[in-house]
Every structure is written in C-alpha cells, then in structure tokens.
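Trainee: only the shape, not the letters, is given here:
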C-alpha cells in the first residue's frame, strides 16, 4: 500500500500531529483576537499543510477523518480496519 | 455537532504497565479537577455567554478537553494492559479491578465516582468564567502533583503536554473575562449577571 510514499507512516502522522496542534492553538488565540491578521495568515498556512497531509495519509495508510474516508482506493472500510488511537500502535 | 478524528491530540505510547500510577492518573479522567468535568463545564456554560468571543472560546476549549479526556483514558488503558493478577494485587489496584476489571470508568484516585457537582453552570458569565480560570489552575496543580509521582518518560511526556494546555486555557479565559467585563452596562457597577439581570450592549443581535 505504501510503495510510493515519501514518508513513513510515523513521519506523516508526526507531521499531522504537529501541524494540527498549531491549528488547535492558533484557533483559541483567534477566538479572543479575531482581528489579528498575522495570526489569521498563520492559521491559513497551517490548515493548508494539514489538509494536504491528511489526504496523503488517507491515500497511503487509511483515513484519520471521515472527510478523507474515501481516499484510500481500497475495497474495504479502512476507517474500522486500521488501529484506533488508544491502542498505541502508531 | 462533532466529527471524530482518529488520532490523539498528542501521542501516547506506553511500554511498561503500572497499575499504581494508572490509578493516580485516572483522577484526571473522572476526578474533581479532571477532564470529564472540564469538557462538560465549558460545553454546558457556553449557552449563557453574552458575546461570540466567549461562546466560541468555551466551545473550542470544551472540544479540546474532549481530546484530553481521550488522552488521559489512553494513558490509563495502556498502563493497565497485560497486568498479571500478582501485579494487580501488589499495586493496590484490586479495589478498582473488582468492579471494572481494567475497563475505563470515571472516578477520582481515592475511588469517589464522577459527579456533575465537580463543576457548575451558573447561567452568569462572570461567575462561570471565574470558575473556569480556577478550574484550569486546579487541573494544572493536579498535573504537577502527578509529575512528582511518575518517573516513566513515556507517561511524563503526554502529562507535560496536558499541563501546558491548562496554562494556555487559563490565559484565554482571562481574555474572555475581560471581553465580557469591558462590555458590561456602565450602570452595572458590581458586575451582576449580564446574561439575565443587566444585559450588556455589545452582544449578538446583529
């Protein structure tokens, strides 16, 4: 499944975790500073990277979000076939 | 409405089970200052907030707390996997084990079950926001106490992440409180309930 992937599953998930954290944190900052343009630019950059990484991850290793649930070109329902986060596998 | 994302907000990979530590950390799941109380507190209080900054911050921090609830349960789950009966008995876990085996159930470290009285929803934004700031500090203190009891770096790492988030949330709630206080009716000298007695001018009517 991951023959053509530039990154290992772990690397890609790390990228998703890091960039998603940046989104989580700036989101709260923007909630109380909705007119901070610099923060808004930062948010836009991170969301773009995050969406790309989520799509890439879904295509290679199965979906993390329901919106990318159909990207794996798989004949099975990968949402439930891949590990759940509390298992500590990835 | 919520969408589930199939990952933890910060990864949890614990190699060595430890029932003694699991019982202590379980307090941040269903204890007096745990993540269950935190998420339910903010998601309940958001309805009485007088402006959108306050509504949004409570909504989004409440949502993040659900992610923290999941992280704490993942830590407890991984700390109680593959325990032998001998370890369960030796580590003081037998009193939890008898009722829940190694399932996840919300209680304080001392065994007191979760109760909605761990938080308030007073319908008064200023009252509620002061509670929220105190709640973040109490949770931070609890994580500090946990860090003094735990040596395993696999456990300390996600706990340190959770501790840092309490500090950020405290900061955001302080800003929300200011946003509410600054838009109070100028005759409301003593900051009585702006969502009931003395509606503030800047609200969401537009």
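Mentor: Sure thing, it's come through. Please read these numbers as outputs of a predicted model, since none were measured by experiment.
Trainee: which bits of chain A sit near chain B?
Mentor: Chain A comes close to chain B at residues A:13, A:16-17, A:20-21, A:24-25, A:27-29, A:31-34, A:63-67, A:79, A:82, A:84-86, A:88, A:90, as judged by C-beta under 8 Å from any C-beta of the partner chain. (Each C-beta comes from the backbone N, C-alpha and C, glycine too.)
Trainee: so which of these are in helices?
Mentor: Of the residues of chain A next to chain B, the ones assigned to helices by DSSP state H are A:13, A:16-17, A:20-21, A:24-25, A:27-29, A:31-32, A:79.
Trainee: the residue sitting nearest the centre point of chain A: what secondary structure?
Mentor: Nearest to the mean C-alpha position of chain A, by C-alpha atoms, centre = their mean, lies residue A:54 at 3.6 Å. When classified by DSSP: H, G, I helix; E, B strand; the rest coil, residue A:54 comes out as helix.
Trainee: rewinding a little: list buried residues within the ones in helices among the residues of chain A next to chain B.
Mentor: A:13, A:16, A:20-21, A:24-25, A:27-29, A:31-32, A:79 (16 or more other C-beta atoms under 10 Å in any protein chain shown).
Trainee: just checking, residue B:166 touches residue B:144?
Mentor: No - counting by C-beta atoms under 8 Å, residue B:166 stays clear of residue B:144, with 9.7 Å between them.
Trainee: packing partners of the longest helix seen in chain B?
Mentor: Taking DSSP H as the criterion, chain B has its longest helix at helix B:153-182. The helices and strands touching helix B:153-182, judged by 3 or more C-beta pairs under 8 Å, 6 or more residues apart in numbering or on different chains; DSSP states H and E, are helix A:9-32, helix B:19-25, helix B:52-79, helix B:125-149.
Trainee: in that helix, what counts as buried?
Mentor: Here helix B:153-182 shows B:154-155, B:158-159, B:161-163, B:165-166, B:168-170, B:172-173, B:175-177, B:179-180 as buried, counting by 16+ other C-beta under 10 Å.
Trainee: where does the prediction get shaky in the chain?
Mentor: Using chain A here. Under the criterion pLDDT under 70, the flagged ranges of chain A are A:1-5, A:71-72.
Trainee: my bad, chain B
Mentor: Applying pLDDT under 70 to chain B picks out residues B:198-206.
Trainee: what residues does it put near chain A?
Mentor: So chain B meets chain A at B:3-14, B:53, B:56-57, B:60-61, B:64, B:70, B:73-74, B:77-78, B:168-169, B:172, B:175-176, B:179 (C-beta under 8 Å from any C-beta).
Trainee: need the buried ones among the ones in helices among the residues of chain A next to chain B in CSV (columns: distance to residue B:192).
Mentor: What follows is these, written out as CSV (distance: C-beta to C-beta, whole Å):
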residue, distance to residue B:192
A:13, 50
A:16, 46
A:20, 41
A:21, 39
A:24, 35
A:25, 34
A:27, 32
A:28, 28
A:29, 30
A:31, 25
A:32, 24
A:79, 50
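Trainee: farthest pair within these?
Mentor: Farthest apart among those by C-beta to C-beta are A:32 and A:79. That separation is 34.7 Å.
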